[in-house]
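A.B. asks: model this:
(one chain, ligands or ions: 2)
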Amino acid sequence: ILTKHIAVLPGDGIGPEVCNEAVKVLKAISERFGHQFEFNTKLMGACAIDATGDPLPEDTLDACFDADAVLMGAIGDPKYDNNPGAKVRPEQGLLRLRKSLGLFANIRPVTAYDALLEHSPLKRDRVEGADMLIFRELTGGIYFGEKGRTEDSAYDHCTYSREEIERVAHLAFQAASARTGKLTLVDKANVLETSRLWREVVQEVAKGYEQVKVDYLFVDNAAMQLILNPKQFDVMLTENMFGDILSDEASVLAGSLGLLPSASVGERTALFEPIHGSYPQAKGKGIANPIASILSAAMLLEHFGLQQEASVVKDAVQNAIDHQILTPELNKESSYTTEQVGSYIAYCVLEGAEALPH
Ligand code: IPM
Ligand code: MN
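C.D. replies: Numbering: from 1, shown residues only. Ligands and ions are numbered 1, 2, ... in the order given. As a prediction, the model looks like this:
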């Protein structure tokens, strides 16, 4: 019997609602396959500030260090967004967690589901079949450089070391080797010194992966190409802030931000979370799409080496999509609640693909 410890950080806004559904699905997996998953739920984000004054309490960080994986919901609260003077912010918790766990690579798969293409902002033929994997560097660059502020000026330094680029590049090249074998490095090497280092290091790393074709794009062009011709991308590799921006842009191609999962991996416990935020306007309304969170749980299973279990979850999600068991942003006429979508998917996981739609 396989035993795994999973730290659960539901967070703020819709985080707890979608995270609940992911846990429900993981429980269905453990029941069907006879595994033992132990969940340890902790505070992070605005809820942690309210309770303890700290967005990442000691006890939460300890639980993450002790776990085999971390499952996160979402963090953030509007009361901090329009208050630039706030000393403590929910986002600091997540950034400190990424740094403490050494999560240097954030992996965001973008898949266009055929049945949902009418919801994409792009015309069907442009997105149909799009399937890319974004590798975003997650613990360096402008997010973590020296910051400073005087009364009338402010700065954020962007720094990268050769080693920081190499380790994430290797992961991206390995993923590209296992796919169709194309990798696009996105940078701003016509302007930024850090980007020139990225190109230099990526060119060196590329020598070890002859089967991978490498392309280079400036970030402004990449932002445009994502809309013009998203199908040209396979694996995209980029630095922290460009990756933050481009992955949000890429995420809507699929038709809803509520569909896309992510994995953050590195030196210690890996973390899995939907790419969407805490969507505070939807909190408590039962309209949040749990699919991104459930697919993050599927990535967590893959990370445990449980490929079959991960496939069962993905098939169950596909089944929900095929039967239109979807939240309102994807099914206006007869939508289902967050909980109903999660329960349906968990039911499909337990019963197999023949599960009934209702
Ligand atoms: C993300 C989020 C975070 C980021 C915020 C919440 C700090 O936007 O995971 O993409 O900018 O990395
Ligand atoms: Mn983001």
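
A.B. asks: By proximity to ligand 1, which residue of this protein wins?
C.D. replies: Nearest to ligand 1, among the residues of the chain, is residue 91, at 3.9 Å (Cβ to the nearest ligand atom). Using the backbone N, CA and C atoms, a C-beta is placed for each residue, glycine as well.

A.B. asks: if I look at residue 102, how far off is residue 259?
C.D. replies: 28 Å (Cβ to Cβ, to the nearest Å).

A.B. asks: ok, the two, which is more surrounded?
C.D. replies: A count of neighbours by other Cβ atoms under 10 Å puts residue 259 above the other of residue 102 and residue 259, at 28 against 16.

A.B. asks: returning to that earlier point: mind giving me the packing neighbours of the helix or strand encompassing the residue of the chain closest to ligand 1?
C.D. replies: Using DSSP states H and E, residue 91 maps to helix 90-100. Judged by 3 or more Cβ pairs under 8 Å, 6 or more residues apart in numbering; DSSP states H and E, helix 90-100 is in contact with helix 46-52, helix 58-66.

A.B. asks: Residue 215 belongs to a strand?
C.D. replies: Yes. Under DSSP: H, G, I helix; E, B strand; the rest coil, residue 215 falls within a strand.

A.B. asks: hey, what's it bridged with?
C.D. replies: On the basis of DSSP bridges, residue 215 is bridged to residue 184.

A.B. asks: Could you number the chain from 44 rather than 1 from now on?
C.D. replies: Taking 44 as the first residue, the last one we looked at is residue 258.

A.B. asks: and it, what is it in contact with?
C.D. replies: For residue 258, the contact set (Cβ atoms under 8 Å, 6 or more residues apart in numbering) comprises 225, 226, 227, 228.

A.B. asks: Residue 269 is in contact with the third one, correct?
C.D. replies: No. In this structure, residue 227 sits apart from residue 269 without contact. The criterion is Cβ atoms under 8 Å, and the distance is 10.5 Å.

A.B. asks: Identify the contacts common to these two.
C.D. replies: Shared contacts of residue 227 and residue 269 (Cβ under 8 Å, 6+ apart): residue 276.

A.B. asks: Of the helices and strands packed on helix 133-143, flag the one that's most buried.
C.D. replies: Using mean count of other Cβ atoms under 10 Å, the stretch among the helices and strands packed on helix 133-143 with the largest mean neighbour count is helix 89-95, at a mean of 19.
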